[in-house]
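A.B. asks: Just a sequence and a predicted model for now, questions to come.
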Amino acid sequence: MNLPFFASFITLCLIIAYNIKRQSKSAKEKEKNFWERERLANSVRRKTLDNLNYLSIPLERFPTHLLQEDEAVQECIHIMETLSAQKIVNLTGFSNTDLKLEYGTANITLLTEYDQNYTLLVRTLQKWADILIDGGYAKEAVPLMEFAVKTNTDISRTYYRLAEYYASQGENEKIRGLLDTAANLRSSNSAVITKHLKEQYPEI
């Protein structure tokens with residue numbers, strides 16, 4: 001029997017067993033913490049939503065006069081008009097547990113609705129911007145994307161296409177602004193967007 005090999009094999013098995021046990025313990029601890037936070041969250045009474053950062057859509061600043069015959073553009077404008085009468089809040093990065101702890105369980109349905117409105121908003125803004133850019137109206141698409149960034153969207157395409165326009169105009173300081181915004185997002189996309197911008201524009 002090859003004793004050194006056997007000893008190495010036993011050592012490897014022990015290391016693997018130890019790591020599995022440690023990961024299992026960590027997973028159980030996370031699960032325990034999760035359910036404890038859920039228990040606390042479900043006992044929180046309804047709180048005021050007055051301090052939320054509600055968004056207003058500056059539709060008057062958007063190029064609603066362009067490509068009006070395009071059905072997709074018409075749909076985007078209709079969505080914007082509809083959302084203008086709704087409450088919109090960016091809650092990206094906050095779990096339902098976080099929201100219940102902060103605002104109470106009774107508000108979770110409303111908060112979910114506000115966040116869904118936000119998701120529809122930023123997706124529609126980028127869809128509209130893409131149509132304009134592809135139709136030769138890159139400059140006119142900028143206000144749509146800049147507003148989305150101002151709301152801290154985590155849609156990577158918004159940052160990339162806006163950065164492309166800024167680069168074409170030699171506005172490097174605005175790309176730095178995109179980097180700053182992306183770096184502070186409450187989203188898993190934050191690192192991805194930041195990495196891409198730094199790689200594409202290393203001089204920034």
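C.D. replies: Received the coordinates, thanks.
A.B. asks: OK, contacts around Ala138?
C.D. replies: Ala138 is in contact with Leu132, Tyr165, Ser168, counting by CB atoms under 8 Å, 6 or more residues apart in numbering. No exception for glycine: its C-beta is placed from N, CA and C like everyone else's.
A.B. asks: repeat that for 7 Å
C.D. replies: Applying CB atoms under 7 Å, 6 or more residues apart in numbering to Ala138 gives the contacts Tyr165.
A.B. asks: try Arg186
C.D. replies: The neighbourhood of Arg186, defined by CB under 7 Å, 6+ apart, consists of Thr92, Gly93.
A.B. asks: 8 Å - rerun?
C.D. replies: Taking CB under 8 Å, 6+ apart as the criterion, Arg186 is in contact with Thr92, Gly93, Phe94, Asn152.
A.B. asks: any idea how far it lies from Asp50?
C.D. replies: From Arg186 over to Asp50 the distance is 21 Å, taken as CB to CB, to the nearest Å.
A.B. asks: next one: Pro143
C.D. replies: As judged by CB to CB, Pro143 and Asp50 stand 29 Å apart.
A.B. asks: same thing with Asp134?
C.D. replies: Here Asp134 is placed at a distance of 41 Å from Asp50 (CB to CB).
A.B. asks: ok, and what's touching stretch 192-201?
C.D. replies: For stretch 192-201, the external contacting residues (CB under 8 Å, 6+ apart) are 154, 156, 159-160, 163, 167, 172, 175, 178-179, 182-183, 185, 204.
A.B. asks: So for that stretch, could I get the coordinates as CSV, restricted to C-alpha?
C.D. replies: Once side chains and other backbone atoms are set aside, the C-alpha atoms of stretch 192-201 remain, and they are given as CSV (Å, rounded to 0.1, in the frame of the first residue of the first chain):
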residue,chain,number,x,y,z
VAL,A,192,-21.0,44.6,-13.2
ILE,A,193,-21.8,48.1,-14.5
THR,A,194,-18.8,49.7,-12.8
LYS,A,195,-16.4,47.0,-14.1
HIS,A,196,-17.7,47.4,-17.7
LEU,A,197,-17.4,51.2,-17.7
LYS,A,198,-13.9,51.1,-16.3
GLU,A,199,-12.8,48.6,-18.9
GLN,A,200,-14.4,50.5,-21.8
TYR,A,201,-13.2,53.9,-20.6
